[in-house]
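A.B. asks: Sequence below, structure please.
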Amino acid sequence: MSKIRIVDVRDNPNLTIERAGKMDVQVTYNVDEQRQYVITMPKEDFTPEKAMAKIKLDEQERLKLIGETFDVQKG
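C.D. replies: Next comes the predicted model:
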């Protein structure tokens, strides 16, 4: 995995019915100068360690698909 740089961490209200009135934490991070991603987690579960673990999982999943090609059929 490449180095990750955290760009921003902010609280946002969750807009789903199930979590109405609760807050989430959005962590924006850069993989390099061209690729920026965001993870979101419930504020009540947030710790820096959990955020980093979620970023690592996010990157592992993304790397599985990079370079893949597939056909999209209409219908």
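A.B. asks: what's the distance between the lowest-mean-pLDDT helix or strand in the chain and the middle of its chain?
C.D. replies: Here the helix or strand of the chain ranked lowest by mean pLDDT, DSSP states H and E is helix 48-65, holding a mean of 93. Centroid separation for helix 48-65 versus its chain: 7 Å, with Cα atoms, centre = their mean, to the nearest Å.
A.B. asks: What lies in contact with it?
C.D. replies: 1, 4, 9, 25, 27, 29, 31, 37, 39, 41 (Cβ atoms under 8 Å, 6 or more residues apart in numbering). Where you see a C-beta, it was placed from the backbone N, CA and C, and this is true even at glycine.
A.B. asks: any idea of the mean pLDDT for stretch 67-75?
C.D. replies: Over the span of stretch 67-75, the pLDDT mean works out to 81.
A.B. asks: any idea how far Met41 is from Pro13?
C.D. replies: The gap separating Pro13 from Met41 is 14 Å, by Cβ to Cβ, to the nearest Å.
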